[in-house]
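sequence and predicted structure are below.
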Amino acid sequence: MTGMLASVNSIAETLLVLSAKVDIIDLKQPESGALGALDINLIKQIIAEIDERCPVSATIGDLPMQPDLVFNAVKTMAETGVDYIKIGFFPEGDWLETVNKLSVLSQQNIALIAVLFADNQPDFTIIDSLKSAGFTGVMLDTMDKQNGSLMQVMKKNEIGQFVKFAKARRLLCGLAGSLKLEDIPGLLLYQPDYLGFRGALCWQHTRTAQLNRSAIMQIKHAMQDTVST
């Protein structure tokens with residue numbers, strides 16, 4: 001069954017999605033980019049507030065693919081106690097060396113999630129390297145939120161291919177990227193492990209605005225209704 005991931009940037013938003021019983025709480029700062037990172041001290045406060053009532057993921061920020069830079073950011077994030085650490089695979093940089101260096105951390109049971117950007121036309125063969133390096137999962141997102149949702153920037157058959165590729169390698173698989181209510185039925189057909197939301201949960205569907213409880217429940221019910229039909 002596909003779970004619902006909700007991205008939050010404060011304790012107040014955390015409590016809101018926790019009360020809605022989402023499946024994964026994702027910590028990031030939308031105002032700082034596609035995968036903007038929250039302050040480490042705030043992350044620790046949120047982790048304490050959640051108190052193991054829900055799995056938590058967090059982003060390390062929109063960092064260039066420089067092995068040492070990414071490695072140190074992941075190591076620092078791991079010390080907060082989050083369950084999953086999301087790493088954006090941005091254009092250029094040394095992807096393979098970054099993945100190889102992060103394998104040291106995956107061997108320490110740190111759960112790493114690679115984020116590939118659909119609007120950057122990612123090469124899915126990198127998923128084999130992620131698997132070999134001990135990554136826990138991989139997800140599709142969008143880098144430029146002005147380009148539209150995942151369904152608008154990537155063909156349906158390519159999204160299905162991504163999910164199939166990841167699942168064949170027994171990696172946790174997620175889909176995100178300005179997802180809208182109407183995207184849910186089509187994406188659930190591919191049976192990803194989770195769908196990630198931010199903008200669709202906010203006032204006026206603006207990702208930098210605050211979360212709206214009625215919008216959260218609307219998305220949650222849509223996912224449940226689609227699965228049950």
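Right, received. Where do you want to start? Numbers count the residues shown, from 1 in each chain.

and the strands in this structure?
With DSSP state E, the ranges of strands along the chain come out as 3-8, 24-27, 56-59, 84-88, 112-117, 137-141, 172-175, 194-197.

nearest to residue 105, out of those?
Taking CB to CB, strand 112-117 is the member of these nearest to residue 105, at 6.8 Å. C-beta here means a position set from N, CA and C on the backbone, and glycine is covered the same way.

ok, back up a step: mind checking which of the strands of the chain is nearest residue 161?
Minimum separation from residue 161 across the strands of the chain (CB to CB) falls at strand 137-141, 10.6 Å.

which secondary structure elements does that closest one contact?
The contact analysis (3 or more CB pairs under 8 Å, 6 or more residues apart in numbering; DSSP states H and E) places strand 137-141 against strand 84-88, strand 112-117, helix 156-168, strand 172-175.

one step back: out of the strands of the chain, which comes closest to residue 154?
strand 137-141 (7.2 Å).

re the thing from before, dump the helices and strands packed on strand 137-141 into TSV; add mean pLDDT as well.
Listed next are the helices and strands packed on strand 137-141 as TSV, based on pLDDT from 0 to 100:
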stretch	mean pLDDT
strand 84-88	98
strand 112-117	98
helix 156-168	96
strand 172-175	98
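
show me where pLDDT drops low in the protein?
Counting by pLDDT under 70, the chain shows low-confidence ranges at 226-229.

quick check: which helices or strands does the lengthiest helix in it pack against?
For the chain, the helix reaching the highest residue count under DSSP state H is reported as helix 213-228. Secondary-structure packing of helix 213-228 (3+ CB pairs under 8 Å, 6+ apart): strand 3-8, helix 11-19, helix 184-188.

partner strands of the first one, with direction?
Same thing as strand 3-8. If you go by DSSP bridges, strand 3-8 pairs up with strand 24-27 (parallel), strand 194-197 (parallel).

ok, and what's touching the last one?
By CB atoms under 8 Å, 6 or more residues apart in numbering, the surrounding residues in contact with strand 194-197 are 2-7, 23-24, 26, 139, 141, 172-177, 179, 184, 187-188, 219, 223.

do that again at 6 Å, thanks
Identification of contacts with strand 194-197 by CB atoms under 6 Å, 6 or more residues apart in numbering yields 3, 5-6, 174-176, 179, 187, 219.

could you dump the helices and strands packed on strand 137-141 into a markdown table and include distance to residue 12 and mean neighbour count?
As requested, the helices and strands packed on strand 137-141 are exported to a markdown table (distance: least, CB to CB, whole Å; neighbours: other CB atoms under 10 Å):
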| stretch | distance to residue 12 | mean neighbour count |
| --- | --- | --- |
| strand 84-88 | 22 | 24 |
| strand 112-117 | 25 | 23 |
| helix 156-168 | 33 | 16 |
| strand 172-175 | 25 | 24 |
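
so which of the strands of the chain is nearest residue 73?
Set against residue 73 and scored by CB to CB, those come closest in strand 84-88, at 8.3 Å.

coming back round to it: closest to residue 158 out of the strands of the chain?
Nearest to residue 158, of all the strands of the chain, is strand 137-141, at 9.1 Å by CB to CB.

run the angle between the closest one and strand 112-117 for me.
For strand 137-141 against strand 112-117, the angle by axes from the mean of the first three to the mean of the last three CA atoms, to 10 degrees is 20 degrees.

if we can go back for a sec, which one of the helices and strands packed on helix 213-228 is the most hemmed in?
Sort the helices and strands packed on helix 213-228 by mean neighbour count, taking mean count of other CB atoms under 10 Å, and strand 3-8 sits at the top with a mean of 23.
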